[in-house]
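# Fold the stuff below for me.
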Amino acid sequence: MTTVDISDLLSPGAIAKAIGASDAKVKKALKDLGIDPKARKGVCSYYGKDVVPKVRAAIAK
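Numbering: from 1, shown residues only. Below you'll find the predicted structure:
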């Protein structure tokens, strides 16, 4: 099993802080957009920084 370095990845909470939205809105946007996490650690999901603009646009609608 390969290990993934999560230091460059963001949790939904970190994405929410970056765009100034609530965690719930970010999680809903991720689900609605069908974006899968790049890594998981326990119950936490981690996403690449490339999803931030997509989430910001989805929340702005």
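# which regions of this protein sit below the pLDDT cut-off?
1-4 (pLDDT under 70).
# Which helix runs longest in it?
Ranked by residue count, the top helix of the chain under DSSP state H comes out as helix 23-33.
# Flag every buried residue along the helix or strand following that one.
As assigned by DSSP states H and E, the chain's next helix or strand after helix 23-33 is strand 39-41. Buried residues in strand 39-41, counted by 16 or more other Cβ atoms under 10 Å: none are found. Every residue, glycine included, has its C-beta placed from N, CA and C.
# For Gly13, list the residues it contacts.
Gly13 makes contacts with 23, 26, as judged by Cβ atoms under 8 Å, 6 or more residues apart in numbering.
# Quick check: phi and psi on it?
phi -60, psi -40 (degrees, to the nearest 10).
# what's the spacing between stretch 9-28 and its chain's center?
Relative to the chain's own centre, stretch 9-28 is displaced by 6 Å; criterion: Cα atoms, centre = their mean, to the nearest Å.
# And for stretch 51-58?
On Cα atoms, centre = their mean, the centre of stretch 51-58 falls 9 Å from the chain's centre.
# what about Lys31, how many residues close to it?
As a burial measure, Lys31 scores 9 neighbours (other Cβ atoms under 10 Å).
# And it, how close does it get to Asp5?
As judged by Cβ to Cβ, to the nearest Å, Lys31 and Asp5 stand 25 Å apart.
# hmm, back to that, could I have the CA atoms of the longest helix of the chain written out in PDB?
The C-alpha trace of helix 23-33 is given here as PDB (Å, rounded to 0.1, in the frame of the first residue of the first chain):
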ATOM      1  CA  ASP A  23     -17.700  23.700   6.500                       C
ATOM      2  CA  ALA A  24     -21.200  22.500   5.600                       C
ATOM      3  CA  LYS A  25     -21.300  24.500   2.400                       C
ATOM      4  CA  VAL A  26     -17.900  23.300   1.400                       C
ATOM      5  CA  LYS A  27     -18.800  19.600   2.100                       C
ATOM      6  CA  LYS A  28     -22.100  20.000   0.100                       C
ATOM      7  CA  ALA A  29     -20.200  21.600  -2.800                       C
ATOM      8  CA  LEU A  30     -17.700  18.800  -2.900                       C
ATOM      9  CA  LYS A  31     -20.500  16.200  -2.900                       C
ATOM     10  CA  ASP A  32     -22.500  18.100  -5.500                       C
ATOM     11  CA  LEU A  33     -19.500  18.400  -7.800                       C
END
